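Participant: okay, predicted coordinates and the sequence, questions at the end:
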Amino acid sequence: MATDGSRLYIDEQGANDRIVQISTSGGDLSPIVTPFANASAIDISSDYTHLLMANQVATEDEVPLWSLPLPSGAPRRLAEVIANHSSGTWSPDRQHLAFARGSDLYLANADGTEPHKLVAVSGSPWLLRFSPDGSRVRFSVFKAENSLWEVRTDGTGLRALFPGENGLHDTYGGHWSADGRYFFFISSGNSLRNVWAIREPSGWLRWRSPLPIQLTAGPLSFDFLIPSSDGKKLFVDAAQGRAELVIYDSKSHRFVPFLSGISAGELDYSRDGKWIAYVTYPDHTLGRSRADGTD
């Protein structure tokens, strides 16, 4: 997601991915016209005049980056930049572009020219964001699960934000508040993904290591977020998983509820066919019963 204060720009996935816009107060979706079959919004310039976007060809993990004028206009290719999916961001002063390719982070001019490597990491970086003062880049790294990292724009100071602390797992998708006082992110502390925040050290408290604070506790599972421009709201992508167990009745030639149609999936039988195991939704609990639903 991206926002210019009055509108949200959202990736809508389907047979063909597209970028849509909606008022921040709600309403109807309207598409952003692009010449691409699969378009996605990655970032918005700090003056809200351009969207940083990508077009994905087939199933390629690396994509070319484009600058799309707002409210309308023809997209312009950013030099020869090829980046990991969802891995580009413009600096607040609109002078630089940070992006990732493979396991490497790069810094280039805002138009994609003169790229140079900042640092190499172990894993696949994505979801990059500049700090409000432009001195650092924070990003997610996927390797078995996601983790949050940061590096200074001169390539020094690479560090993990939460190196095995506070029981946080699969942390990603971070955004600073507009005033730079807070950093919001997603983490899987249990079976659901929740929104967390951490206060950025400032003043005489810089010596302290701030503790992350959990802001949500289900029942929805959150995936992506972006703070509003006025710093008063968070826009979040949230879902609640549902499923229904059914079995095909060969006599009636239709699917009928199985185990009373409970909200579950990933079903498997034991080798002797007497027991079944399944995962319930939305709590992601592993269950077991006899094949007739008893025990």
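Facilitator: Nice, thanks for sending it over. As the structure is a computational prediction, the values presented were derived from the model and not from experiment.
Participant: can you count the residues close to T34?
Facilitator: 19 (other CB atoms under 10 Å). From N, CA and C alone the C-beta is placed, and that goes for glycine too.
Participant: same check, this time on the one 3 residues further on
Facilitator: With neighbours defined by other CB under 10 Å, the count for A37 comes to 13.
Participant: what about the closest residue to it other than its chain neighbours, which SS state?
Facilitator: Distance criterion CB to CB, 6 or more residues apart in numbering; nearest residue to A37, sequence neighbours excluded, is N16 at 5.2 Å. N16 falls in the coil class when you classify it by DSSP: H, G, I helix; E, B strand; the rest coil.
Participant: next one, pLDDT for I213 please.
Facilitator: Predicted confidence (pLDDT) for I213: 91.
Participant: I'd guessed the residue nearest to A37 sits against S40; true?
Facilitator: No: in this structure, N16 is not within contact of S40 by CB atoms under 8 Å, at 11.2 Å.
Participant: these two: which has the busier surroundings?
Facilitator: Using other CB under 10 Å, the more surrounded residue of N16 and S40 is S40, with 23 against 10.
Participant: can you give me the strands for the stretch 151-295 of the chain?
Facilitator: Here the stretch 151-295 of the chain has its strands, by DSSP state E, counting those that start in this stretch, at 159-160, 172-176, 182-187, 194-199, 213-214, 221-227, 234-239, 246-249, 254-257, 264-269, 275-280, 285-290.
Participant: and the gap between the spatially most distant residue from the centre of the chain and D230?
Facilitator: Centroid-distance maximum for the chain: K251 at 45.5 Å, with CA atoms, centre = their mean. Using CB to CB, to the nearest Å, one obtains 61 Å as the distance from K251 to D230.
Participant: P115 against L107, yeah?
Facilitator: Yes: using CB under 8 Å, P115 makes contact with L107 at a distance of 7.0 Å.
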